[in-house]
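*Asks:* Have a look; sequence and predicted model below, questions after that.
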Amino acid sequence: MVTHSVSIIGAGPAGLMAAETLLQAGVQVSLYDAMPSVGRKFLLAGKGGLNLTHSEAAPLFLSRYGESAAQVAPWLERLDATALRQWADALGAETFVGSSGRVFPKEMKAAPLLRAWLHRLRSQGLQLHTRHRCTGWNDDGQLCFDTPKGEVTLHAPAVILALGGGSWSRLGSDAAWMQWLGARGVQMTDLEPSNGGVVVPWSKHFAERFAGQAVKTVAMQVAGQSSWRRGEIMITETGIEGGLVYALSANLRALLRNQGHADFALDLTPDRDLSAVEKAVSAARSGRSWSTFLQRQLGLKGVKLGLLYEVLPRDEFENPQRLARTIKSLPLRAIGLQSMDEAISTAGGVATTNLDDNLMLCHLPGVFCAGEMLDWDAPTGGYLLTASFASGKVAAEGVMRWLVSQSA
């Protein structure tokens, strides 16, 4: 029996899932990571509650990947949301479905799941090497690592690269791999921030008063799109962020790339139709201030009322039709994206034209890629994490097929 050995670079969700898949097949695995401990971005993402995946039906789930859906679909065939829940349950991190349909471990945090996972991987024979920052290949074809003890080289005929994207560089995802992979002829798509905020030029008064406040129960529509998406946003000093923005980030990013700005609208009363809002604001004010009147009639107050004042001149409030239309479709313009290092994830990376169906680089036999370093995109809500896990499994299974072909 031939005993195979595989090296994995990057100990995030994709790299760890690749390691587990290989170890379960009896393959020896050495896992290398630049940081002192593994899964740092995974831990931070799950600090406020680990949204592991989503419970919605598979067709709707797949549609959330937008233009990346065709690319991600084969990955989800190998590890979908249901399989990921079963995997977590088997680790002792039993999951539950929240009111929004999102799936969380009952303990909510990422740390207990990661501890249990690492314990199982080590018991299966995982060799883990931290503080090993990969710097590419030397002239002899060996992988090189910067370590506290100096440079270390490695002969790695089979390797999975799971090095992350370009956001949260302090946690290890600094995209340094783009330089040394590019030097080997690998084609790249420029990285762009994804699942991050957009810049909206607020007035100084609005920014100072409402930065840090959540705007709950709103709907959002991006210019050129027919559908509205419901959720929550957060006001920042420089714009907006939050789950609703992340869900629409691909559309916003495309507009910003193509025309330098992205127009969008907020529905401040998504539970009422336009006619009901117009009727409410047409009632007699009887001497009440607009703030008191709109709170009484529609429940608009605080940051929602602030948004209305930010956009609509006070004399326009006297026009019920204009006021109602603005409440139902408050126009805003994004003029930029949050910086890439502040975004939750990045789009772009290793172009799909470089890869075969097993996620192997076509002109670098034995070198596979997985996770966020690939050119695909997904919103938060469990979609980004699910596909990252799944890509690790696909790459690992591809490695095993390649090893068998090399042994034949």
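*Replies:* Arrived safely, thanks for sending.

*Asks:* Could you point out the longest strand of this structure?
*Replies:* strand 214-222 (DSSP state E).

*Asks:* what does that strand contact?
*Replies:* 227-235, 240, 242, 244-245, 248, 251-252, 255, 262-268, 270-271, 303-304, 307, 329 (C-beta atoms under 8 Å, 6 or more residues apart in numbering). Any C-beta I mention is one placed from the backbone N, CA and C, and that applies to glycine too.

*Asks:* Quick check: helices, which of the residues you listed are part of them?
*Replies:* In helices, defined here by DSSP state H, the members of these are L244, V245, N251, L252, L255, V303, K304, L307.

*Asks:* With distance to F61, neighbour count and pLDDT added, can I get the residues you listed in a markdown table?
*Replies:* Formatted as a markdown table, the ones in helices among the contacts of strand 214-222 follow (distance: C-beta to C-beta, whole Å; neighbours: other C-beta atoms under 10 Å; pLDDT from 0 to 100):
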| residue | distance to F61 | neighbour count | pLDDT |
| --- | --- | --- | --- |
| L244 | 18 | 21 | 91 |
| V245 | 20 | 25 | 92 |
| N251 | 19 | 18 | 90 |
| L252 | 22 | 24 | 93 |
| L255 | 25 | 19 | 94 |
| V303 | 32 | 22 | 96 |
| K304 | 31 | 24 | 96 |
| L307 | 32 | 25 | 96 |
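
*Asks:* Summarise which helices and strands the longest helix seen in the chain is packed against.
*Replies:* Counting by DSSP H, the longest helix found in the chain is helix 383-407. Where contact means 3 or more C-beta pairs under 8 Å, 6 or more residues apart in numbering; DSSP states H and E, helix 383-407 is packed against strand 5-9, helix 13-24, strand 53-54, helix 69-78, helix 81-90, strand 159-161, strand 367-369.

*Asks:* mind listing what's buried in the lowest-mean-pLDDT helix or strand in the chain?
*Replies:* Between all helices and strands in the chain, the lowest mean by mean pLDDT, DSSP states H and E belongs to helix 40-45, at a mean of 82. With burial defined by 16 or more other C-beta atoms under 10 Å, the residues of helix 40-45 counted as buried are R40, K41, F42, L43, A45.

*Asks:* packing partners for it?
*Replies:* On a contact count with 3+ C-beta pairs under 8 Å, 6+ apart, helix 40-45 meets helix 111-123.

*Asks:* ok, how many other residues are close to S55?
*Replies:* When neighbours are counted by other C-beta atoms under 10 Å, S55 registers 17.

*Asks:* isn't Y383 right next to N51, touching?
*Replies:* No. With contact defined as C-beta atoms under 8 Å, Y383 does not reach N51; the gap is 9.4 Å.

*Asks:* List the residue ranges of the chain that fall below the pLDDT cut-off.
*Replies:* Within the chain, the stretches falling below the threshold (pLDDT under 70) are 1-3, 46-48, 408.

*Asks:* Can I get stretch 11-24 in CSV? Just the C-alpha atoms.
*Replies:* Below are the C-alpha coordinates for stretch 11-24, written out as CSV (Å, rounded to 0.1, in the frame of the first residue of the first chain):
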residue,chain,number,x,y,z
ALA,A,11,-5.4,26.8,8.4
GLY,A,12,-8.7,28.5,7.9
PRO,A,13,-12.0,26.7,7.3
ALA,A,14,-11.0,25.6,3.7
GLY,A,15,-7.6,24.3,4.8
LEU,A,16,-8.9,22.5,7.9
MET,A,17,-11.8,20.8,5.9
ALA,A,18,-9.2,19.7,3.3
ALA,A,19,-7.1,18.3,6.0
GLU,A,20,-10.0,16.4,7.6
THR,A,21,-11.0,14.9,4.2
LEU,A,22,-7.5,13.7,3.5
LEU,A,23,-6.9,12.3,7.0
GLN,A,24,-10.2,10.3,6.9
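
*Asks:* Now do the buried residues in that stretch.
*Replies:* Residues of stretch 11-24 classed as buried by neighbour count (16+ other C-beta under 10 Å): 11-23.

*Asks:* so which pair among those is furthest apart in space?
*Replies:* Checked with C-beta to C-beta, the buried residues of stretch 11-24 reach their widest spread between G12 and L23, with 16.8 Å between them.

*Asks:* hmm, back to that, list the strands paired with the longest strand of the chain, with their directions.
*Replies:* Its sheet considered, strand 214-222 pairs with strand 229-235 (antiparallel), strand 262-267 (antiparallel) by DSSP bridges.

*Asks:* buried residues in that strand?
*Replies:* In strand 214-222, counting by 16+ other C-beta under 10 Å, buried: V215, V218, A219, M220, Q221, V222.

*Asks:* Measure how far that strand is from the centre of its chain, please.
*Replies:* 19 Å (C-alpha atoms, centre = their mean, to the nearest Å).
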